[in-house]
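Undergrad: What follows is a predicted protein model with its sequence.
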Amino acid sequence: MSETVIVELRAAEGGDDAKLLVREQLGIYVKYAARRSLSVEPIDVRPGFIVCRVFGHGAIAAFKDEGGGMRWQRVPPNDKRGRVHTSTVTVAVLPEPTAVQVRLDDRDLEYRTCRASGAGGQKVNKTDSAVQLTHKPTGLMVRVETERSQHQNRATALALLRARLWQVERDREAAARDKDRRQQVGSGMRGDKRRTIAVQRGTVVDHITGRNWRLEDYLRGNW
């Protein structure tokens, strides 16, 4: 059975290099997904921030260990002195809930259309295809901008909002059970260390599962 997860990548510590690494991390995930016959569909692409939808058989299992802070240790491409920097990309993985799991009242939703800001040709930049959706009771806001129609962007924004509201409820339930415990998205958004990618050493270490990989395998999405 086909499954869908929403993956959010955000630049944390590291400035411009962290923004570059957001795109590189996405490229790794695209290769990783392709090896598992999964599809990746970008939803929102901005400097230092990318949201995408991953779907196919086994999507949830494939990405269940990806939430958290991805700490990269490398020489940034624009560093002429060859110094090793530490930059962090945070990853949040949200299973996409159904309309039955998260019911929304149309009166609580506020839609706005705006110009798409990302790359995509003159058509994207000259049409109000981007959609910003706000859930008024909670103040949660999502934005979707792609080369597709405004109608498609509205549907995608609604799905993304459901995923975030569902995660908020999951975090609330987890906090009630154990105040010191946090769900993976909560820690991921705060940049807690999940994985260290040491480019100079050619190694990747997952601090949660204890697994290790060769850097060249990780970059090819083969782990």
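TA: Here it is on my side, so go on.
Undergrad: how near is the spatially closest residue to L38 that is not a sequence neighbour to R195?
TA: Nearest in space to L38, with sequence neighbours left out and distances taken as CB to CB, 6 or more residues apart in numbering, is G56 at 3.9 Å. No exception for glycine: its C-beta is placed from N, CA and C like everyone else's. For G56, the distance to R195 equals 23 Å [CB to CB, to the nearest Å].
Undergrad: What distance do you get for the residue of the chain positioned farthest from its centre to L21?
TA: In the chain, the greatest distance from the average C-alpha position (CA atoms, centre = their mean) is reached by R81, at 31.5 Å. Separation of R81 from L21 (CB to CB): 19 Å.
Undergrad: thinking again about what came up before, of G56 and R195, which one has the most company?
TA: Neighbours per residue (other CB atoms under 10 Å) separate G56 from R195, with R195 holding more: 23 against 16.
Undergrad: Starting from the lowest-mean-pLDDT helix or strand in the chain, tell me the next helix or strand along the chain.
TA: When each helix and strand of the chain is scored by mean pLDDT, DSSP states H and E, helix 184-189 comes last, with a mean of 42. Remark: after helix 184-189, the chain's next helix or strand is strand 193-198, criterion DSSP states H and E.
Undergrad: Now tell me what touches that next one from outside.
TA: Outside strand 193-198, the residues that touch it by CB atoms under 8 Å, 6 or more residues apart in numbering are 66-74, 88, 91, 187-188, 204-208, 215, 218.
Undergrad: Tabulate the CA atom coordinates of that strand in PDB.
TA: Only the C-alpha atoms of strand 193-198 are listed here, as PDB (Å, rounded to 0.1, in the frame of the first residue of the first chain):
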ATOM      1  CA  LYS A 193      22.200  16.200  17.000                       C
ATOM      2  CA  ARG A 194      20.900  13.100  15.300                       C
ATOM      3  CA  ARG A 195      23.700  12.300  12.800                       C
ATOM      4  CA  THR A 196      27.300  13.500  12.200                       C
ATOM      5  CA  ILE A 197      28.600  13.600   8.600                       C
ATOM      6  CA  ALA A 198      32.400  14.100   8.800                       C
END
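Undergrad: Flag every buried residue along it.
TA: In terms of neighbour count (16 or more other CB atoms under 10 Å), strand 193-198 has its buried residues at R194, R195, T196, I197, A198.
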